[in-house]
Structure formats: structure tokens, C-alpha cells
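A.B. asks: got a sequence here, can you build the structure:
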Amino acid sequence: MILKLLNNHNFRQFFKFCIVGGTAAVINFVIYYVCTEYLKFWYVYSAVIAYLLSAVFNFIANKIWTFRNKESGREILKQVAKFSIVISAGLTINTSIIYILTEFGKLDYRISWVCATGLVIFWNYGFNRLWTFRVKKVEVADEVSSEL
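C.D. replies: Numbers count the residues shown, from 1 in each chain. Okay, the predicted model is just below:
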């Protein structure tokens, strides 16, 4: 059963996405915490800054490692535009959840961040996989055979 999962292209891709996302989440949280606690920014501003900075790492790592996307030239600009749309929507969802849970749910801003991040990962993965880094069927077959 486990070997079957490990040999499944979509499972491996999602696993890589989670590693990249986990690393981006650590980057995001460190920036979020430092901006809020040490720079004394309002936690919502900190969330926006941290989310956007970690998104840069996220784009590069997912393009190169998770999705092994080889698009270049103008195609990269299209991907950046698509990624920006996905990330902007994700940022809106993320920041709204943090604000609502902190202000109305009376949760600590760090707990609100964990909840928001846990929910937004599904949004980001789905749209980035299906839209931003979507590969043509021929490329999928080549990628799967090269991974084996």
C-alpha cells in the first residue's frame, strides 16, 4: 500500500508541495512573528508582509522542484501572473481568517495564523496545480517516466 502511494505521481507531487509549503510556512511564521513582536507592526500588516515574502520562495520552489515546470520566457510571465492571482486570493482568504478568528473568535493571533494557513494550503495547491503550473498531457507522461 505504501509503495503504491510512493509510486503515484500525484501523491509524490502533493508530498513535495507539502514540503515546500511547510518550509514557506516556517518562513512566513518567522517573518509574521518578528514583524508583530519585535517591529511592533499590527498583526494584520505582519500577515500580509509575511505571506507575500514567503510566496516568492513558494513560487520558485514549486516551479522548479514540485511541479518540475520548464516553461521559460513569456510563459514564465504568464505563470507569475496566474500565481499572483492565486496568491492574492489566498492572501485575502488567509488575512480574513486571521482577522476574524483574532478579533471575533478572541484567539491569539498565532493560533489564528495556524488555522488560516491550514485552510489556505488546499486553495493554493489546487489552483497552482490545476492552473498556474498545469502541464500538457505529453509533458506529464514524460515527467512520470523520468521520475521512475
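
A.B. asks: and stretch 104-120, how far from the chain's centre?
C.D. replies: Taking Cα atoms, centre = their mean, to the nearest Å, one finds the center of stretch 104-120 at 16 Å from the center of the full chain.

A.B. asks: for it, which residues meet the burial criterion?
C.D. replies: By neighbour count on 16 or more other Cβ atoms under 10 Å, the buried set for stretch 104-120 is 107, 109, 112, 113, 115, 116, 117, 120. Glycine gets a C-beta too; all of them are placed from N, C-alpha and C.

A.B. asks: output the contacting helices and strands for the helix or strand containing the fourth one.
C.D. replies: What it means is residue 113. Assigned by DSSP states H and E, residue 113 falls within helix 109-127. Applying 3 or more Cβ pairs under 8 Å, 6 or more residues apart in numbering; DSSP states H and E, we find helix 109-127 packed against helix 9-33, helix 43-61, helix 74-103.

A.B. asks: got the CA positions of that helix in CSV?
C.D. replies: In CSV, the C-alpha atoms belonging to helix 109-127 read as follows (Å, rounded to 0.1, in the frame of the first residue of the first chain):
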residue,chain,number,x,y,z
TYR,A,109,-3.0,35.9,16.6
ARG,A,110,-0.5,33.0,16.3
ILE,A,111,-3.3,30.4,16.7
SER,A,112,-5.4,32.3,14.1
TRP,A,113,-2.4,32.1,11.7
VAL,A,114,-2.1,28.3,12.1
CYS,A,115,-5.8,27.9,11.4
ALA,A,116,-5.7,30.1,8.4
THR,A,117,-2.6,28.5,7.0
GLY,A,118,-4.0,25.1,7.4
LEU,A,119,-7.1,26.0,5.3
VAL,A,120,-5.4,28.1,2.6
ILE,A,121,-2.9,25.3,1.7
PHE,A,122,-5.7,23.5,-0.1
TRP,A,123,-6.7,26.6,-2.1
ASN,A,124,-3.1,27.2,-3.1
TYR,A,125,-2.3,23.6,-4.1
GLY,A,126,-5.4,23.2,-6.1
PHE,A,127,-5.2,26.3,-8.1
